[in-house]
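Chemist: here is my input, please return the structure:
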Amino acid sequence: TETSALMLPLVKSWMVEFSSILKNPVQSEDPDDWSIRMEALKCLSQFVQNFPNLAESQFMEVLVPLWQTFVSSLAVYERSSIEGLEDAYEGRYDSDGSETSLESFIIQLFEFLLTIVGSKKFVKAFGNSVQDLVYYSVAFMQMTEQQVHAWSTDANQYVADEDENTYSCRVSGSLLLEEIVISCGIDGVYAILNAAKKRLDESQQERGKGSAVWWRMREATLYALSSVSEQLLEVEVPGPSEVTLGNLLEQTLTEDMAAGVHEFPFLYARMFSSVAKFSSVINPGVIDHFLYAAIQAIGMDVPAPVKVGACRALSQLLPDTNRGIPQPHILALFSSLTELLKQASDETMHLVLETLQAAVRAGHEAALSIEPVISPIILNMWALHVSDPFISIDALDVLEAIKDAPGCVHPLVSRVLPYVGPILNKNAPIDVVKAVYEVCFDPVVRIVLQSDDHGEMQNATQCLAALVSGGNQQLLTWNGDSGFTMRCLLDVASRLLDPDLDSSGSLFVGNYILQLILHLSSQMAPHIRDLVAALVRRMQSCQIAGLRSSLLLIFARLVHMSSPHVEQFINLLITIPADGYPNSLHYIKVTTTALALLLSTRHVEFGTINVQGHLIKSSAGITTRSKAKVSPDQWTLMPLPAKILAILADVLLEIQEQVLDDNQDSDWEEVEAGDPEIEQELLYSSGTTSYSRPSNGYLDALAKAFNEDEDDGYDDDLLSAADPLNEINLANYLTNFLREFSQGDPPLFDHLCQSLTQAQKKAVQMVLSL
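Modeler: Have a look, this model is predicted:
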């Protein structure tokens, strides 16, 4: 009360001062004039908001000068900002840091008008002038020359400015129109429709006169109507009206659809988005025209804004269309959107993904034929932008639409799995693994058990292997029934090891079983006999070398699991039949360390097994298939223990040759320098026999050479990182094994060495002399 009493005698004098500032026409290229008017408008806003009763009685004092400022500023704004003919002082500030541009002044003017229209006390002051207020506001919403340039060169900026309602006169004008509808109701709707018709008629006249910028006002009018589309569609206009929304839009769209898309890209973009916003009041024939025009525009060489408008139209029209789109059109749209997606970034990516989702849902059966193309692109995009909540969610929405399309769920799931596996492999936290398990486990198991598609089965197998590796023992407890989960895992193994299943479908079973053995060893122990029998049956029917190798590695792993009681595992193999052999022991052709463990058992059954020894005849010249049939290579036969020792010796030879190669490479560089002492050392080194006693450094070199060689051929499979066998230093392992084996049974060792070649004997003798 005291504040109001203090302000009462001041209000009238202040209003007089504000009137004197606002009554004169706004000046061009005069930031000082704009700045003082801005300060006056800010003060008036404070009066209206904080002292409405005091300001109401004196408001008519400033209303006419305010209108004069509003109307006269339009001409200045058109010349300076819209046409770019005069300086608008963009990005300039005064000594206080306040922006002095023409744009900031116009925005301040709109903010004050918004304050007035939003007040029940002051909106009445406009009386019958609301339509004129809309009429002039629409003109302020024309695109500026700066916006035309920026949006023509940067589609992302265009989309962002349209979606985010950035600070501009266009946005300020649209906010004022919204407030007019809210405050004035049906009168506000009439005011907007009548003002819009007047502007559209005037722009059409300008077009007839040959104006080059006639399109700006039409685009601005459509933008203005679209900015209040929800309010216009919600308000029911009682009785017949001189101007109806549907008729106004249809007339405008019909007149402009023949305009050149390259000459007027922003008008075309606005027409596309306007059709989408007002589809409920537009003739279906007009909608169909623009729907198919949008489909064509996506695939044409047209300016980026046109494609943006076409995407906006399609993303809103396709979900609502009840008419089936011919398959050639929808397939062409899929292809165009896929290409557009490869070029999109940031804001445009969101728009294209939104459009693609709508296209998939509208395409129905057509989606199946394009799924192999779209799904990998979307999955890759999701994987690349998984930390971006907006793009990743958009990508998942598209995948959801693909999943719901007829016939797409199975191929989609098959493609998804390879992207899930790497996430689990990268040391994923246990909660992440559990989250993937809860969503994926049951469907993935069903794929292995029910699918006949080899690709699906391979991907599902890899995913399950990753889940077992990441979940370990905890995986069995996640669904509350560990027995059921273990049975599912064993059922998967049984299907993949089915000898009647095509080898391609079983391709990754070796890695899957390896994870079961490594991480669920106690649960697997009771099933070892059945597992070995299944492995043998699968080996007998296997047609792919890669699968056969992976199964042999499982035999090797089982040998290691049975240590130090390897002879029990051998006895188990003896009891399991194998077609063409007395028992399953003949399938033991396993890894180096596993072979060493087998040899260390000295099992008597080994002596009864003969295998290929040395090549005793090799055909001269080039061997063709027909020649090989007539004259095949011939081999000696040798007992299995002797063959195992020969294989171990060959591994030692390979390591020793690698060390020699490394030494020669480094020494050769030094010899080239011409140092005679080094030349002598190199000659001495190369002339030393293999029986010379090597140093401990030489053994270190052996280990280093083998480890480097392993690294070069290391398959980048993170699942194998959990296998403790990877930590074995093979050079040290073989050295210790041969020493212990030779000392444990010298007669047997000497007997087996008689079957070795001279090179193999030298390799063994070298490590024994350490």
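Chemist: could you pull up the mean pLDDT of the longest strand anywhere in the chain?
Modeler: Here the longest strand in the chain is taken by residue count, with DSSP state E as the criterion, and it is strand 610-617. Model confidence over strand 610-617, given as mean pLDDT, is 75.
Chemist: for it, name the packing helices and strands.
Modeler: Helices and strands touching strand 610-617, as assessed by 3 or more Cβ pairs under 8 Å, 6 or more residues apart in numbering; DSSP states H and E, comprise strand 634-639, helix 640-671. Glycine gets a C-beta too; all of them are placed from N, C-alpha and C.
Chemist: same thing but 6 Å
Modeler: Other elements packing on strand 610-617 under the criterion 3 or more Cβ pairs under 6 Å, 6 or more residues apart in numbering; DSSP states H and E are strand 634-639.
Chemist: can you point out the buried residues in the strand it packs on?
Modeler: For strand 634-639, a neighbour-count test (16 or more other Cβ atoms under 10 Å) marks 638, 639 as buried.
Chemist: give me the angle between the longest strand of the chain and strand 634-639.
Modeler: Taking axes from the mean of the first three to the mean of the last three Cα atoms, to 10 degrees, strand 610-617 and strand 634-639 form an angle of 150 degrees between their directions.
Chemist: now find how far off-centre strand 610-617 is within its chain.
Modeler: Taking Cα atoms, centre = their mean, to the nearest Å, one finds the center of strand 610-617 at 54 Å from the center of the full chain.
Chemist: which residues are contacting that strand?
Modeler: The set of residues external to strand 610-617 that reach it, using Cβ atoms under 6 Å, 6 or more residues apart in numbering, is 633, 634, 635, 636, 637, 638, 640, 643.
Chemist: format those as TSV; extra columns: distance to residue 564 and pLDDT.
Modeler: Rendered in TSV, the data for the contacts of strand 610-617 read as follows (distance: Cβ to Cβ, whole Å; pLDDT from 0 to 100):
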residue	distance to residue 564	pLDDT
633	39	68
634	39	76
635	34	77
636	33	81
637	31	84
638	27	86
640	20	86
643	23	88
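Chemist: closest to residue 554 out of those residues?
Modeler: Minimum distance to residue 554 across the contacts of strand 610-617 is 19.5 Å, recorded for residue 640 (Cβ to Cβ).
Chemist: low-confidence ranges in the chain?
Modeler: Counting by pLDDT under 70, the chain shows low-confidence ranges at 165, 236-242, 322-324, 423, 425-426, 585-593, 617-633, 658-727.
Chemist: so where do the helices sit in the stretch 251-400 of the chain?
Modeler: Ranges of helices in the stretch 251-400 of the chain, per DSSP state H, counting those that start in this stretch, are 265-277, 284-299, 304-317, 327-343, 346-363, 366-384, 389-404.
Chemist: kindly apply the preceding question to the stretch 1-150 of the chain instead.
Modeler: Taking DSSP H, counting those that start in this stretch, the helices of the stretch 1-150 of the chain run over residues 2-22, 31-50, 52-58, 60-77, 102-117, 120-123, 130-140, 145-153.
Chemist: closest to residue 89 out of those helices?
Modeler: Nearest of the helices of the stretch 1-150 of the chain to residue 89, taken as Cβ to Cβ: helix 31-50 at 4.9 Å.
Chemist: okay, the closest one in CSV with CA atoms only?
Modeler: As requested, C-alpha coordinates have been extracted for helix 31-50 and formatted as CSV (Å, rounded to 0.1, in the frame of the first residue of the first chain):
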residue,chain,number,x,y,z
PRO,A,31,21.1,1.8,-32.2
ASP,A,32,20.9,4.7,-29.7
ASP,A,33,17.3,5.2,-30.6
TRP,A,34,16.6,1.5,-30.3
SER,A,35,18.3,1.3,-26.9
ILE,A,36,16.3,4.1,-25.3
ARG,A,37,13.1,2.6,-26.6
MET,A,38,14.1,-0.7,-25.1
GLU,A,39,14.6,0.9,-21.7
ALA,A,40,11.2,2.6,-21.9
LEU,A,41,9.6,-0.8,-22.8
LYS,A,42,11.3,-2.5,-19.9
CYS,A,43,10.0,0.1,-17.4
LEU,A,44,6.5,-0.1,-18.9
SER,A,45,6.6,-3.9,-18.4
GLN,A,46,7.5,-3.4,-14.7
PHE,A,47,4.6,-0.9,-14.2
VAL,A,48,2.1,-3.3,-15.9
GLN,A,49,3.2,-6.3,-13.9
ASN,A,50,3.8,-4.7,-10.5
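Chemist: any idea how far it is from the middle of the chain?
Modeler: Averaging C-alpha positions (Cα atoms, centre = their mean) puts helix 31-50 50 Å from its chain's average.
Chemist: tell me the helices and strands packed up against it.
Modeler: Using 3+ Cβ pairs under 6 Å, 6+ apart as the contact test, the elements touching helix 31-50 are helix 2-22, helix 102-117.
Chemist: what angle separates that helix from helix 2-22?
Modeler: Using the same axes, to 10 degrees, the interaxial angle of helix 31-50 with respect to helix 2-22 works out to 150 degrees.
Chemist: got the angle for helix 31-50 vs helix 60-77?
Modeler: Helix 31-50 and helix 60-77 meet at an angle of 140 degrees, taking the same axes, to 10 degrees as the criterion.
Chemist: check which residues of helix 31-50 are buried.
Modeler: If you call a residue buried by 16+ other Cβ under 10 Å, then helix 31-50 has these buried ones: 31, 33, 34, 35, 37, 38, 40, 41, 44, 45, 47, 48.
Chemist: am I right that residue 470 is in contact with residue 421?
Modeler: No: the pair residue 470 and residue 421 fails to qualify as a contact (Cβ atoms under 6 Å) at a distance of 9.7 Å.
Chemist: out of those two, which sits in the more crowded spot?
Modeler: Relative neighbour count places residue 470 above the other of residue 470 and residue 421, with 27 against 23, counting by other Cβ atoms under 10 Å.
Chemist: burial measure for the spatially closest residue to the more buried one that is not a sequence neighbour, as a count.
Modeler: Residue nearest to residue 470 in three dimensions, not counting chain neighbours: residue 433, with 3.9 Å by Cβ to Cβ, 6 or more residues apart in numbering. Here the number of neighbours of residue 433 (other Cβ under 10 Å) works out to 22.
Chemist: which residues touch residue 433?
Modeler: 424, 470, 471.
Chemist: wasn't the first one part of a helix?
Modeler: Yes: read with DSSP: H, G, I helix; E, B strand; the rest coil, residue 424 is one of the residues of a helix.
Chemist: that one reaches residue 470, doesn't it?
Modeler: Yes: look at residue 424 against residue 470 with Cβ under 6 Å: they come within range, at 4.5 Å.
Chemist: returning to that earlier point: distance to residue 271 for the contacts of strand 610-617 - can I get that in TSV?
Modeler: Rendered in TSV, the data for the contacts of strand 610-617 read as follows (distance: Cβ to Cβ, whole Å):
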residue	distance to residue 271
633	78
634	84
635	81
636	86
637	86
638	86
640	83
643	81
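Chemist: helix or strand right after the helix or strand hosting residue 435?
Modeler: Residue 435 is part of helix 430-450, with elements assigned from DSSP states H and E. As assigned by DSSP H and E, the chain's next helix or strand after helix 430-450 is helix 454-471.
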